[in-house]
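Enquirer: following is a predicted model, sequence given first.
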Amino acid sequence: MTIKINIDRTFVLGLVSLVVLFSLVACGGGGGSGGGSGLQISASMVFPAEGMNFEDATITVHGVGADGADAVMVNGQPATSTDGFATWRATINLVAGDNPVVVEVMKDAAIVATSSRSITHYPEIGDFGTASDLVGSKLLIADALRPQVMLFDLQSGTRQPFAMPAVYDPGKLRRVVLDLGRNHGMVLAEDLYQIDLGSGIVTVIPVLGPYAHGGVDMCHDPVADRYLVLVPPGSQLNDQTNVVAYDPQTMNFSTYSGDPVHALQEDTLLVAIDRDPLSGRVFAFADGKTMFEIHGDGSRTIVGPAGTNQNLPGYARSIIQVLPGATRVLLDGDGYLDLVANDYVASTLGGASLLRGLDANGRFLVKSYRYGSVASHDLDTGSETSLLQLVPLGGVDSVWETGVFGPLAFDERRGRLFSLGSSGVVIDPASGVASTLHPSVQLGPQHFGALAYDAARDSFVLPWNSTTGFGYGFDLLAADGSVTTTLPAAGSSRFLAGLAANALGPGYIGLDTDGAEVRVVTLDQSGAETSTRTTPLAPAQLPLLAIHDPVRDLIYTTTTTYALQVNFDIMAVDPTTGSLSTLSMDGADGIYTTGMGLAMGRLPSTGEIVFSDRTRVIAVDPDTGGRRVVADFGARYGVMDSSTLCVDPRTGVIYLHVLNLTPLRGGLLVVDGLTGAMSFLLR
């Protein structure tokens, strides 16, 4: 299946800037539940969603709607509940590969409702950069985040991970080569690593002697049974690069083609090398915009347009790919050198990145901007064929893209997510299928990222500030998509910074400022102020997040300065008196936040306040202020530039929009608030 989705990168960058500067997400809020008396008993599964993949061998299954049942069984294991099975959960074990999840609801010794889903249990690749190699149906990928290499069989769907030794640094990963003749995988980083794909034994081969200080790139010459490696020749990385040969039989290096230590005497550094599988010709690219053909005697010839390098892109390429017959040499995703016409042709891969490897038809590999997708690409037609989706996706379509990366709110009545980007989109958390709810509503410069679900009015509350000065108001977006209502501006001389649905009754609670003081303000359903209290917060500590705790009747918030010098001490504000106290001090228990937290929520079972930063979801105990890391998504998927979250108030399942700008990737990550199990629903 070919997945082709276009996204306006300018829109994403602008939206991220908006969210980073002024983001507040207040999820949960006032009343309502997914189940309830009078509803038919169901076996509704909330987590996991269809097609999710988990690295952990155990997961907790969450569900709702079995009110009045005698028991709920999940894969034969009894579920637990504290509310008569209105909500329930059960822990199950997973086996490698496909795993069915079957829920059976029991009443009077009979099964009265069932549901089932299919999930997988496989090791994952966090980010594979451009380090891959395809031979036949076998694809070797090195993880750029974690010390592991994985072999995929594209025919059988199996995957086999190989752990790298402690001395291996994935941050220095350069290239991998798959050698099926020897059943080896070769990984080039600061040294060369030879993996026996049968036994899993990894042999470290230091790049020493005159070829010190790590490799730059390499390619495989199966005819001569050797690997050609680019290495800097001196005591430090300089403007000369040697092409050396590694012999896997003797495990020794020698200068390429027996030429005595031969450095390219050019004012350029070779950064990429590849070999044509048909003719055996070897090409190397230098960051000074020059393409060389490296001959067997060590000599080199400049190839390409007349005048050596005038028409080639000027910055360094991390990878090149020679197409069969040496007719064209691809330069990352920015074009190719036509060796027949002797000219450079500019072309793009639609946001994809070039990978090393060719399929059976000579089509080259790309890493789609859709994070985790490997496809083969036809340069002439632009068509792509999906070869491998590292994490199964549920219902990806272009509708979801229009709402991606904006603030989230949870529709408690319908059990679905609402996301606001270039339009208002609802997402089914069970399948990932998205549909447009409010096509004409966009997150604009007047909005600061706040979004809350008002259960009493069955609407999403979207506050806005004036773009020309002080003053704010609200838009109500009906959760059924029917109407949009603009409430009168309540704060005509103030700037609204934080908003939460009132968890104890109809209306809203917010934090605003006029530049001289910060107030906590209570509003009725019309948007009119009913009470205000001045707080000890300084205007320079503009609060960005807010959530209302119905148990303690407190507003929790974090603060930041206008210069974005973030203070991650979580503050508790009494909406009745305006008094302020510090709930949690950043780093007091050894947990320090990384970057700005852009959203807050509340776990219903523990009452903990959760927020996300660039790498983790963190929970704060509202009684002690102690912190715990719920999920470290940065360790698994990389540091994200921004994230927003929302909590299912019925089950405590956390939904996060995460985004990384370089390279552009992200998606909707689902996290079990209790166990920390995580998987992408969409990315």
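Expert: Sure thing, it's come through. In this text the structure is predicted, and so the values were computed from the model without any measurement.
Enquirer: spatially nearest residue to Gly625, not counting backbone neighbours?
Expert: Spatial nearest neighbour of Gly625, chain neighbours left out: Ser584 (4.0 Å); criterion: CB to CB, 6 or more residues apart in numbering. Any C-beta I mention is one placed from the backbone N, CA and C, and that applies to glycine too.
Enquirer: what about the stretch 401-550 of the chain, any weak spots by pLDDT?
Expert: Along the stretch 401-550 of the chain, the model assigns pLDDT under 70 to residues 401-405, 449, 488-492, 541-545.
Enquirer: who's in contact with the residue nearest to Gly625?
Expert: By CB atoms under 8 Å, 6 or more residues apart in numbering, the contact list for Ser584 reads 569-570, 620, 625-627.
Enquirer: let me know the pLDDT of it.
Expert: Among the per-residue scores, Ser584 holds a pLDDT of 81.
Enquirer: quick one on the thing from earlier: most widely separated two among the contacts of Ser584?
Expert: When CB to CB is used, the two most widely separated members of the contacts of Ser584 are Asp569 and Gly626, lying 13.7 Å apart.
Enquirer: before we move on, back to that, what about the contacts of Ser584, which are in strands?
Expert: Residues of those located in strands (DSSP state E): 569-570, 620, 627.
Enquirer: list just the nearest of the residues you listed to Gly406.
Expert: For those, the residue nearest Gly406 by CB to CB is Ile570; the value is 23.6 Å.
Enquirer: okay, now that closest one: neighbour count?
Expert: With neighbours defined by other CB atoms under 10 Å, the count for Ile570 comes to 24.
Enquirer: just checking, it touches Leu554?
Expert: No - judged on CB atoms under 8 Å, Ile570 makes no contact with Leu554 at a distance of 10.9 Å.
Enquirer: measure stretch 78-92 end to end?
Expert: The first residue of stretch 78-92 is 10 Å away from its last residue (CA to CA, to the nearest Å).
Enquirer: pLDDT score for Gly626?
Expert: According to the per-residue confidence, Gly626 scores 88 in pLDDT.
Enquirer: what's the neighbour count on it?
Expert: Gly626: 14 surrounding residues under other CB under 10 Å.
Enquirer: right, and it touches Ile609 too?
Expert: No - at 11.4 Å, Gly626 does not count as touching Ile609 under the criterion of CB under 8 Å.
Enquirer: which residues do the two both contact?
Expert: Between them, Gly626 and Ile609 share the neighbouring residues Val620, with contact defined by CB under 8 Å, 6+ apart.
Enquirer: got the buried residues for stretch 195-203?
Expert: Of the residues in stretch 195-203, those buried under the neighbour-count criterion (16 or more other CB atoms under 10 Å) are 195, 197, 202.
Enquirer: and the helix or strand harbouring Leu337, what does it pack onto?
Expert: Assigned by DSSP states H and E, Leu337 belongs to strand 336-338. Contacting strand 336-338 under the criterion 3 or more CB pairs under 8 Å, 6 or more residues apart in numbering; DSSP states H and E are the following elements: strand 328-331, strand 343-345.
Enquirer: could you identify the helix or strand that succeeds the last one?
Expert: This means strand 343-345. Counting by DSSP H and E, the element after strand 343-345 in chain order, helix or strand, is strand 353-358.
Enquirer: that following strand pairs with which strands?
Expert: According to DSSP bridges, strand 353-358 forms sheet pairs with strand 364-367 (antiparallel).
Enquirer: tell me the mean pLDDT over the strand it pairs with?
Expert: Per-residue pLDDT values across strand 364-367 average out to 84.
Enquirer: repeat that for stretch 271-287.
Expert: Mean predicted lDDT for stretch 271-287 stands at 87.
Enquirer: for that stretch, C-alpha coordinates in PDB please.
Expert: Presented in PDB, the C-alpha positions along stretch 271-287 are these (Å, rounded to 0.1, in the frame of the first residue of the first chain):
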ATOM      1  CA  VAL A 271      31.600  12.600   3.000                       C
ATOM      2  CA  ALA A 272      29.800   9.900   1.000                       C
ATOM      3  CA  ILE A 273      30.700   6.900  -1.100                       C
ATOM      4  CA  ASP A 274      28.800   4.200  -3.100                       C
ATOM      5  CA  ARG A 275      29.400   1.500  -5.700                       C
ATOM      6  CA  ASP A 276      27.300   0.700  -8.800                       C
ATOM      7  CA  PRO A 277      26.100  -2.900  -8.400                       C
ATOM      8  CA  LEU A 278      26.300  -3.500 -12.100                       C
ATOM      9  CA  SER A 279      29.400  -1.900 -13.400                       C
ATOM     10  CA  GLY A 280      31.400  -1.900 -10.200                       C
ATOM     11  CA  ARG A 281      32.200   1.800 -10.600                       C
ATOM     12  CA  VAL A 282      32.800   3.700  -7.300                       C
ATOM     13  CA  PHE A 283      31.800   7.300  -6.700                       C
ATOM     14  CA  ALA A 284      32.500   9.600  -3.800                       C
ATOM     15  CA  PHE A 285      31.000  13.000  -3.100                       C
ATOM     16  CA  ALA A 286      32.900  15.900  -1.400                       C
ATOM     17  CA  ASP A 287      31.300  18.700   0.600                       C
END
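Enquirer: and it, how far from the chain's centre?
Expert: Using CA atoms, centre = their mean, to the nearest Å, the distance from the centre of stretch 271-287 to the centre of the chain it belongs to is 33 Å.
Enquirer: if you count neighbours, what's buried in that stretch?
Expert: Along stretch 271-287, these residues count as buried under the neighbour rule (16+ other CB under 10 Å): 271-277, 281-287.
Enquirer: how about stretch 458-474?
Expert: For stretch 458-474, burial by neighbour count (16+ other CB under 10 Å) applies to 458-466, 470-474.
Enquirer: and which of the ones in strands among the contacts of Ser584 is nearest Thr255?
Expert: The shortest approach to Thr255 among the ones in strands among the contacts of Ser584 belongs to Arg627, at 56.1 Å (CB to CB).
Enquirer: which residue sits closest to the closest one in space, ignoring its chain neighbours?
Expert: That would be Ile591: by CB to CB, 6+ apart, it lies 4.5 Å from Arg627.
Enquirer: how about Pro123?
Expert: Of all residues not flanking Pro123 in the chain, Pro161 sits nearest, at 4.4 Å (CB to CB, 6+ apart).
Enquirer: just to be sure, the one you found is in a strand?
Expert: Yes - the assignment for Pro161 is a strand, going by DSSP: H, G, I helix; E, B strand; the rest coil.
Enquirer: and the gap between Pro206 and Phe162?
Expert: Note on Pro206: its distance to Phe162, by CB to CB, to the nearest Å, is 20 Å.
Enquirer: let me see the ranges of the strands in the stretch 351-500 of the chain.
Expert: In chain order, the stretch 351-500 of the chain shows strands spanning 353-358, 364-367, 373-377, 384-389, 408-411, 416-420, 424-427, 434-438, 452-454, 459-465, 472-478, 484-491, 495-501, with DSSP state E, counting those that start in this stretch as the criterion.
Enquirer: show the average pLDDT along the third one.
Expert: Per-region confidence: strand 373-377 scores 83 on mean pLDDT.
Enquirer: before we move on, the earlier item: look up which residues are beta-bridged to the residue nearest to Gly625.
Expert: Under the criterion used (DSSP bridges), Ser584 bridges to Ile570.
Enquirer: tell me, how many residues neighbour the residue nearest to Pro123?
Expert: Using other CB under 10 Å, Pro161 is surrounded by 16 other residues.
Enquirer: ok, Ala540 next?
Expert: Other residues within reach of Ala540 by the criterion other CB under 10 Å amount to 14.
Enquirer: got the contacts of Ser584 as JSON lines, with distance to Asp67 columns?
Expert: Below are these laid out as JSON lines (distance: CB to CB, whole Å):
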{"residue": "Asp569", "distance to Asp67": "41"}
{"residue": "Ile570", "distance to Asp67": "35"}
{"residue": "Val620", "distance to Asp67": "31"}
{"residue": "Gly625", "distance to Asp67": "35"}
{"residue": "Gly626", "distance to Asp67": "34"}
{"residue": "Arg627", "distance to Asp67": "34"}
